[in-house]
Structures are given as C-alpha cells and as structure tokens.
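Model the following, please.
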Amino acid sequence: AETGRLLAPSHYGAILRDGIRCVIIGPPNAGKSSLLNRLVGRERALVSPEPGTTRDFLEETIMVGSHALRVIDTAGLNPAPGAIERLGMAKTLERAGEADLFLMVVDATQPEWSVPDEVMSEVQRRPAIWVLNKIDLAGQANAPAGWEHPVVRISALTGAGIDELVAAIGRAADSFQQTVGEDRIAVSARHAQALNSANGGLQRA
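Just a heads-up that it's a prediction; the model follows:
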C-alpha cells in the first residue's frame, strides 16, 4: 500500500521517468518547427514557407529548470489536407491524445485559425499555452474567447518572447508536482524505478 501510494498517480511516475510530453500543435505554417528549433537551440526541423512541410512528428528532449521536457513537433492541422498530410494529421491526433502539455501555436498575423473540434477539446481540458507567433510581423491577434490558459506572444524567428514562453512552460511543469501531494514531490526517476521494482516484488510475494 505504501509503495503504491508513493507511485500514485502512475502517470506522474511516467512523467518522472520519461519527461513531460509537450506537444506543439496548430495550423500549417504557424511556425511550429521554427519554435522547436528555437527551444532546442539548433536546426532540428526543416523550416519552409510552404505549408505542410512537417508530415510526421519530431521529438527532442530539453531541460526547463529541473524538468525534462519531451518537445514534440507535429504536422499542421490543415482543413484541406493532401493524402500524405492526412497521414501526418492522424499522427498529430495520436500525439494530442498522449500530451501532458500543449503549445498551441498560431500565426499572430492571421485573424482566424481553423483547428479541429476534437483537438480543441483535448487542448482545453489539459495544461496548455496559447502561443501567438510572428509578432515581428506586427500581428495583433488574440487567443479565442473563453481561453483560460496562459497566452504568450513570441517570434520564433527573432527569439522575442521565448524567455517568457520558457518561464510559462516551467510554471506548467511545476504544477504537475503540486497536484500530487508533498510526499510524492521528492520521488525522482531513479526512486520511481526502484519503487516500481519493489512493488512488483511485493505483489509476487
């Protein structure tokens, strides 16, 4: 009972072992891959003005404060996708279902965005940050009405606002610890692995 209590919820144990799954999601050509490159600090993703460049998902692990963050760049949510784009969007929806934290990236110069209802439903009910990109182009767009999560304005091209975004990500990561109780905050990835092993041994005994 005690090892189970220390490991509960099991999802938090998975976060400790594998890192927080931070999914970058949004319409095509909003700058998702540019943001991934900016967060990683190198050219990890191909960036092009042509929409639909990302057909699969890319994943990199970075540290934000004391938190390991698995940053996942996904295919753009195109309302009229081609055949290959449609496959990429299917993988995007899969990643959305597994996300711990969303970065919803949109083009701040565009007054409207088209995001599938099933995606917005996932985003609204989980920790999320609305990221208004391309502020270097004088975009003045806002988050949608009723949005209750943080909003950060950035330029993935120039780096403006990235520090504010990283700080917001850090606060979201801290909230995962705060929601599971003080007695579980000190459980490290190594501790979680040892507790899982001990729990299995106890169950067998």
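
any weak-confidence spans in this structure?
7-14, 16-17, 42-57, 78-92, 95, 139, 177-189 (pLDDT under 70).

Recalculate using a threshold of 80.
For the chain, the stretches flagged by pLDDT under 80 are 4-18, 42-57, 75-98, 111-119, 122, 138-141, 176-193.

what residue lies at the spatial centre of it?
Cys22 (2.2 Å; CA atoms, centre = their mean).

so that residue makes contact with Ala68?
No - using CB atoms under 8 Å, Cys22 is not in contact with Ala68; the gap is 10.2 Å. Just so you know, the C-beta spots here come from the backbone N, C-alpha and C atoms, and that holds for glycine as well.

Thought Gln124 was touching Met104, still the case?
No - using CB under 8 Å, Met104 is not in contact with Gln124, being 9.8 Å away.

Comparing these two, which residue is more hemmed in?
A direct count of neighbours by other CB atoms under 10 Å for Met104 and Gln124 places Met104 higher, at 27 against 15.

where's the closest residue to Val152 other than its chain neighbours, which helix or strand?
Nearest residue to Val152, sequence neighbours excluded (CB to CB, 6 or more residues apart in numbering): Leu165, at 4.7 Å. If you go by DSSP states H and E, Leu165 is part of helix 162-178.

got it, and His191?
Going by DSSP H and E, His191 is part of helix 189-204.

List the buried residues in that helix.
For helix 189-204, the neighbour count (16 or more other CB atoms under 10 Å) marks 192, 195 as buried.

Please apply the same query to stretch 126-138.
127-136.

what about that stretch, how long is it end to end?
29 Å (CA to CA, to the nearest Å).

Report the distance from that stretch to the chain centre.
Remark: stretch 126-138 is offset 13 Å from the chain centroid, using CA atoms, centre = their mean, to the nearest Å.

one step back: next, the residue nearest to the centre of the chain: secondary structure please.
strand (DSSP: H, G, I helix; E, B strand; the rest coil).

just Asn29 next, same as before
Under three-state DSSP, Asn29 comes out as coil.

For the helix holding Leu165, enumerate the helices and strands it packs against.
Where contact means 3 or more CB pairs under 8 Å, 6 or more residues apart in numbering; DSSP states H and E, helix 162-178 is packed against strand 20-25, helix 32-40, strand 58-64, strand 67-73, strand 101-107, strand 128-133, strand 151-153, helix 182-185.
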